[in-house]
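Novice: quick check, what structure comes out for this input:
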Amino acid sequence: MSGAALTAGDLGGPLGERATLVQFSSAFCRPCAATRRVLADVAGMVPGVAALDVDAESHLELVRALGVESTPTVLVLDVGGRERVRAAGLPRKADVIAALGRVLG
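Specialist: Here you go, the predicted structure:
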């Protein structure tokens, strides 16, 4: 799946018009809740950006195809659904904004 574009069907929700923040999370992951809030805040600040939360346990095939090894893992997708940035662990809001800025150009 490397380099392939992800779709709304793959992720279980609509992609943003300009970019998409995707979080892979799991039920017992404490940093995942905080990450969800950070991504929602950033998506709310930037028009055309969506934030999606993907339950890793329910999407094991996708997790394996993408090589996601831990939760939370955050992907920043460009307008075409291609992964442009990846980070594991609880991100700082400033880092998410900076990564999104690189993708939006």
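Novice: skipping adjacent residues, who's closest to Gly80 in space?
Specialist: Spatial nearest neighbour of Gly80, excluding adjacent residues (Cβ to Cβ, 6 or more residues apart in numbering): Ala5 at 5.3 Å. C-beta here means a position set from N, CA and C on the backbone, and glycine is covered the same way.
Novice: my guess is that neighbour contacts Arg84. True?
Specialist: No. In this structure Ala5 lies outside contact range of Arg84 using Cβ atoms under 8 Å: 11.3 Å.
Novice: and the closest residue in space to Leu11 that isn't next to it in sequence, backbone torsions?
Specialist: Nearest residue to Leu11, sequence neighbours excluded (Cβ to Cβ, 6+ apart): Leu52, at 5.2 Å. For Leu52, the backbone dihedrals (degrees, to the nearest 10) come out as phi -120, psi 140.
Novice: returning to what we had before: shared neighbours of Ala5 and Arg84, which are they?
Specialist: The contact sets of Ala5 and Arg84 do not overlap (Cβ atoms under 8 Å, 6 or more residues apart in numbering).
Novice: and the residue nearest to Gly80, that's in a strand?
Specialist: No. Ala5 is assigned coil when assessed by DSSP: H, G, I helix; E, B strand; the rest coil, not a strand.
Novice: and the gap between it and Asp55?
Specialist: Computed with Cβ to Cβ, to the nearest Å, the distance linking Ala5 and Asp55 is 21 Å.
Novice: run through the protein and note the low-pLDDT ranges.
Specialist: 1-3 (pLDDT under 70).
Novice: for this protein, what spans make up the helices?
Specialist: Here the chain has its helices, by DSSP state H, at 8-11, 30-45, 60-66, 93-104.
Novice: so the closest residue to Ala87 other than its chain neighbours bridges to which residues?
Specialist: Excluding its sequence neighbours, the residue lying closest to Ala87 (Cβ to Cβ, 6+ apart) is Val74, at 5.1 Å. Beta-bridge partners recorded for Val74 (DSSP bridges): Gln23, Ala87.
Novice: Val74 against Gln23, yeah?
Specialist: Yes. If you go by Cβ under 8 Å, Val74 and Gln23 touch, sitting 5.3 Å apart.
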